[in-house]
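1. Sequence and predicted model, in that order:
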Amino acid sequence: MEGVSNNGSNGASHTTWAMMELTNSIAVSMSLRAMAKLDVPKIIWQNGENTPLTALEIATKLGSEAGSSNLERMLRLLTAHGVFNETMLGPSEGRRFSLTGLGREIVDRSMGAFILYRLDDALLDAWRLLHEAVLEPSSEPFIKAHGKPAYHYHADDPVFNERMMEAMSSSSGAVMDWFLERYDGFEGVRRVVDLGGSSGFCLKKILDKHKGLEGINFDLPKVVEAAPPYLGIEHVGGDMLEWVPQGDVIFMKGILCSWDDDECVGLLKNCYKALPEKGKVIALEQVLPMHTDTSPSTRALLQADVFLMAIYSPGSKRRTEDIFRRLSEAAGFRTLEIVLPGSFYTALEFQK
Ligand SMILES: C[S@@+](CC[C@H](N)C(=O)[O-])C[C@H]1O[C@@H](n2cnc3c(N)ncnc32)[C@H](O)[C@@H]1O
């Protein structure tokens, strides 16, 4: 396609060009994965400074000078997507790359772990079978690729399990900061349970902000076995579809989306049983808009929805607000309040 201009003047229409770009967007994800695998952002962020480096300097640090021109090609692509900044001091100088605010997420919030988890080979195997979600929707692409559900797959593999826990912690940090800065519903609460709390990272953030609270981190037995100890947190293993531990508040982040509607109602009923009079469930979920548009936030939410289709159980999905209301009612909760609407995560309170 050499020589095709993006104004369509030599025959390729804007729509053809846009379709090619959409199709080739795998190059962006895979270059991001390559940068995370090679720890390139950390090499640039040396000694706590955002040092502009040439691809050759980075490749030399990686012990592969021969790969520097390939590295530069990926750095340029990711520069075009806002991850790196490019500077050229003079015509004979090479391009130098530093991190943008977006790229710094990889260093500051360890988002590299999230990138490596979301683009792990095991998940890519499932993505290849996405069309099967239409032809044979009774089991998810992940199970078709690996013979067992994703949560069991990662719980059975200590390395993958570790990566999943790290990925969850790194991606949850910003959401928890946003939530805890604005939410005051932990007043008067003594014990909080985090359902599907993974390493206990989100619960630790809650306890750090609200001193004196005690916490139970509830997750699959193999996950909590590998979870690090935190002061004030008891790790409890079990299956949330069977039972949940008692608490004044049951918190969950990114959990209801993993289950189908019937499973959600069963899970919310388990929560109802475990709560005292006037107790509540606080759920942080990605809530879909009713109408589809092309805004970046709608795109991100719908991408996350199709991710669930590829990886988690057949009924797992992002939901609109009215579906959450129906689930709340079916589980017997008095009200569902949208306490913090957000463009990415929304805080929902199911009140007993
Ligand atoms: C998407 S992760 C969310 C982790 C964490 N809440 C966060 O947002 O950082 C879902 C968690 O649910 C846990 N999980 C899956 N099935 C479960 C079950 N049946 N009972 C308890 N925990 C489960 C997984 O092990 C995983 O840690």
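-> Ah, there it is.
2. which residues sit against the helix or strand hosting residue 30?
-> Assigned by DSSP states H and E, residue 30 belongs to helix 26-38. Under the contact criterion CB atoms under 8 Å, 6 or more residues apart in numbering, helix 26-38 has outside partners 41, 62, 71, 74-75, 77-78, 81, 83, 106, 112, 115-116, 119. All C-beta spots, glycine's among them, are computed from the backbone N, C-alpha and C.
3. Quick check: which ranges of the stretch 251-352 of the chain have low pLDDT?
-> Residues of the stretch 251-352 of the chain meeting the criterion pLDDT under 70: none.
4. ditto for the chain
-> Residue ranges of the chain with pLDDT under 70: 1-12.
5. Closest residue of it to the ligand?
-> residue 196 (2.9 Å; CB to the nearest ligand atom).
6. what's near enough to touch that residue?
-> By CB under 8 Å, 6+ apart, residue 196 lies in contact with 218, 219, 240, 252, 253, 254, 255, 258.
7. Out of those, which are close to the ligand?
-> Under the cut-off given by CB under 6 Å from any ligand atom, the ligand has 219, 240, 253, 254, 255, 258 from the contacts of residue 196 close to it.
8. Among those, name the ones in strands.
-> Among these, DSSP state E puts 219, 253 in strands.
9. Can you tell me the closest non-neighbouring residue to the residue of the chain closest to the ligand?
-> residue 255 (4.4 Å; CB to CB, 6 or more residues apart in numbering).
10. The helix holding residue 30: what's the following helix or strand?
-> Scanning onward from helix 26-38 (DSSP H and E), the first element met is helix 40-44.
11. So which elements touch that following helix?
-> Packing partners of helix 40-44 (3 or more CB pairs under 8 Å, 6 or more residues apart in numbering; DSSP states H and E): helix 55-61, strand 96-99, helix 101-108.
12. winner for burial among these?
-> strand 96-99 (a mean of 22; mean count of other CB atoms under 10 Å).
13. which residues sit against it?
-> Under CB under 8 Å, 6+ apart, the answer for strand 96-99 is 41, 44-45, 50-55, 58, 75, 79, 83-89, 106-107.
14. Which members of those are classed as buried?
-> 41, 44-45, 50, 52-55, 58, 75, 79, 83-85, 106-107 (16 or more other CB atoms under 10 Å).
15. which stretches of the protein form strands?
-> 45-46, 49-50, 84-87, 96-99, 191-195, 214-219, 233-237, 249-253, 280-285, 287-288, 319-320, 335-340, 346-351.
16. What pairs with the second one, parallel or antiparallel?
-> Using DSSP bridges, strand 49-50 pairs in its sheet with strand 45-46 (antiparallel).
17. what sits up against the strand it pairs with?
-> Contacts for strand 45-46 (CB under 8 Å, 6+ apart): 51, 99, 104, 107.
18. Pull up the residues of this protein that are close to the ligand.
-> Within the chain, the positions lying close to the ligand (CB under 6 Å from any ligand atom) are 151, 168, 172, 196-198, 202, 219-220, 223, 239-241, 253-255, 258.
19. Buried residues, stretch 313-322. List them.
-> Within stretch 313-322, the residues that count as buried by 16+ other CB under 10 Å are 313, 314, 315, 316, 317, 318, 319, 321.
20. who's in contact with the residue lying closest to the fourth one once chain neighbours are set aside?
-> Taking CB to CB, 6+ apart, and ignoring the residues beside it in sequence, residue 316 has residue 308 as its nearest neighbour in space, at 4.3 Å. Residues in contact with residue 308, defined by CB under 8 Å, 6+ apart, are 257, 258, 316, 317, 318.
21. Could you give the number of residues near the second one?
-> Burial of residue 258, expressed as a neighbour count using other CB atoms under 10 Å, amounts to 22.
22. Make sure it is actually in contact with residue 317.
-> No - with contact defined as CB atoms under 8 Å, residue 258 does not reach residue 317; the gap is 9.3 Å.
23. okay, now the nearest residue to residue 200 once chain neighbours are set aside: neighbour count?
-> Ranked by CB to CB, 6+ apart and with sequence neighbours excluded, the top spatial neighbour of residue 200 is residue 217, at 3.9 Å. Neighbouring residues of residue 217 were enumerated by other CB under 10 Å; the total is 27.
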